[in-house]
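*Asks:* compute the structure for the input listed below.
(2 chains)
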2 protein chains.
Amino acid sequence: MDESSFEFWFDFASTYSYLSVYRIDELAQNHNIRIKWKPFLLGPIFNTQGWDTSPFNIYKAKGEYMWRDIMRLSEKYGIPFTHPSQFPRNGLLAARVSVAFEDESWVAEFIKSVFIANFSEDKDISNEEVLSSILNALGLDAAQIITQAKTQENKDKLREETQLAADKSIFGAPTFVIGGEIFWGNDRLEDAIEWYSKL
Amino acid sequence: MDESSFEFWFDFASTYSYLSVYRIDELAQNHNIRIKWKPFLLGPIFNTQGWDTSPFNIYKAKGEYMWRDIMRLSEKYGIPFTHPSQFPRNGLLAARVSVAFEDESWVAEFIKSVFIANFSEDKDISNEEVLSSILNALGLDAAQIITQAKTQENKDKLREETQLAADKSIFGAPTFVIGGEIFWGNDRLEDAIEWYSKL
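*Replies:* As a prediction, the model looks like this:
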């Protein structure tokens, strides 16, 4: 195995990212892979494609199919899922928290909790109080973390991460990146794990 | 098992349809499923979404990814694949032949041969001679078949089938339809087979 890392690029609003967030830990443990959690914003990338919202909202048949597909897949995987009353939800602050504290051991738990809040508990993850209560439940100082997430330096950091995603030719989420190889979609998680294991 | 049929909706220009064309027979045989081959044209459906060609040509990053993905998947499945020098190729005549003779026992072989010509042999499947030689190789009267495929009645039939696809909320190919349930993409072939088997 060479020194390539296994990067998991995701957007907090992305339904298929939720499925991978739920599934990736067990797969990674089984293959001794350390995941690099890489939050980014799909919005600016969609904008360059001429979209001002999720393509699932723009293309109706595809959007209706997606919800049915997610329902079937969550049953298949045994993942709790509730159709959120708002879609897509704004994951900006959650992404800022995640990049600001990407090296902290609690960040993976925070990310999972935010996805569960959005897609299982139908909570508004753009609401600062929702994120605060998640951080507090992890035994953290929510006020201090959110203040740090909102600094100009950290805002710029998330912007750079999103630009880095675009530079890697990422066009959707989830995307798994291993060196120069990219795998798009929850459907490709197993293939990406296998690819990495063979390096 | 109830009386729902297992419909395989495909477009001759579709790369992911090619993977399913190659894989479906073995899966269907293992589960005693009779496949209803349903050719249609993605073009008119894409037009209603504001696209004048394949979205893989319109959205560059997604298109480049698709070719890499197809290459990896064809290796994984052991499917011969050559990046066609033209994409998408016009499958209109091939689709007309397929709908005109949908009840003939040879039509599945014809369909497979056309996909192989396009995606393994890099032949221009819009060329009548390419289709003629495929039909002749199957021991058929190519001239007579093509004449019948080009009648106004049959042109209308393909148009109706494409409208039927749109009515079923089909927005891409391949799509597997079982009653009111639709499964989009080569990635969903196994799920569709399992769904049908549990009816």
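*Asks:* and the spatially closest residue to A:Pro88 that is not a sequence neighbour, how close does it get to chain B?
*Replies:* Using C-beta to C-beta, 6 or more residues apart in numbering or on different chains and skipping residues adjacent in sequence, the residue nearest A:Pro88 is A:Ala13, 3.5 Å away. C-beta coordinates here come from the backbone N, C-alpha and C atoms, glycine included. Between A:Ala13 and chain B the computed distance is 19 Å (C-beta to the nearest C-beta, to the nearest Å).
*Asks:* so A:Ala13, which of the three states?
*Replies:* With DSSP: H, G, I helix; E, B strand; the rest coil as the basis, A:Ala13 sits in coil.
*Asks:* for it, give me phi and psi.
*Replies:* In this entry, A:Ala13 is assigned phi and psi values of phi -90, psi -10 (degrees, to the nearest 10).
*Asks:* how close does it sit to A:Ser126?
*Replies:* With distances defined as C-beta to C-beta, to the nearest Å, the gap from A:Ala13 to A:Ser126 amounts to 9 Å.
*Asks:* spit out the residues that contact those two alike.
*Replies:* Here A:Ala13 and A:Ser126 share the contacting residues A:89-91, scored by C-beta atoms under 8 Å, 6 or more residues apart in numbering or on different chains.
*Asks:* nearest to chain B among these?
*Replies:* Checking the shared contacts of A:Ala13 and A:Ser126 against chain B by C-beta to the nearest C-beta gives A:Gly91 as the nearest, at 21.1 Å.
*Asks:* excluding covalently adjacent residues, which one is nearest to that closest one?
*Replies:* Of all residues apart from its sequence neighbours, A:Phe12 sits closest to A:Gly91 (C-beta to C-beta, 6+ apart), at 2.7 Å.
*Asks:* list the buried residues in the worst-scoring helix or strand of chain A on mean pLDDT.
*Replies:* Using mean pLDDT, DSSP states H and E, helix A:55-58 stands out as the lowest-scoring helix or strand of chain A, at a mean of 88. Of all the residues in helix A:55-58, those buried under the rule 16 or more other C-beta atoms under 10 Å in any protein chain shown are A:55-56.
*Asks:* any residue of the next helix or strand after it touching chain B?
*Replies:* Secondary structure here is assigned by DSSP states H and E; on that basis, the next helix or strand after helix A:55-58 toward the C-terminus is helix A:60-77. Yes. Using C-beta under 8 Å from any C-beta of the partner chain as the criterion, contacts between helix A:60-77 and chain B involve A:61-62, A:64-65, A:68-69, A:72, A:76.
*Asks:* mind exporting stretch A:62-81 as PDB, just the C-alpha atoms?
*Replies:* Listed next in PDB are the C-alpha coordinates belonging to stretch A:62-81 (Å, rounded to 0.1, in the frame of the first residue of the first chain):
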ATOM      1  CA  LYS A  62     -34.800  12.500 -11.600                       C
ATOM      2  CA  GLY A  63     -35.600  14.100  -8.300                       C
ATOM      3  CA  GLU A  64     -38.700  12.000  -7.600                       C
ATOM      4  CA  TYR A  65     -36.700   8.900  -8.600                       C
ATOM      5  CA  MET A  66     -33.900   9.900  -6.200                       C
ATOM      6  CA  TRP A  67     -36.300  10.000  -3.200                       C
ATOM      7  CA  ARG A  68     -37.700   6.600  -4.100                       C
ATOM      8  CA  ASP A  69     -34.200   5.200  -4.600                       C
ATOM      9  CA  ILE A  70     -33.000   6.600  -1.300                       C
ATOM     10  CA  MET A  71     -36.000   5.100   0.500                       C
ATOM     11  CA  ARG A  72     -35.300   1.600  -1.100                       C
ATOM     12  CA  LEU A  73     -31.600   1.800  -0.400                       C
ATOM     13  CA  SER A  74     -32.000   2.900   3.200                       C
ATOM     14  CA  GLU A  75     -34.300  -0.100   3.800                       C
ATOM     15  CA  LYS A  76     -31.800  -2.400   2.100                       C
ATOM     16  CA  TYR A  77     -28.900  -1.100   4.200                       C
ATOM     17  CA  GLY A  78     -30.900  -0.800   7.400                       C
ATOM     18  CA  ILE A  79     -30.300   3.000   7.600                       C
ATOM     19  CA  PRO A  80     -32.900   5.200   9.400                       C
ATOM     20  CA  PHE A  81     -34.200   7.700   6.900                       C
END
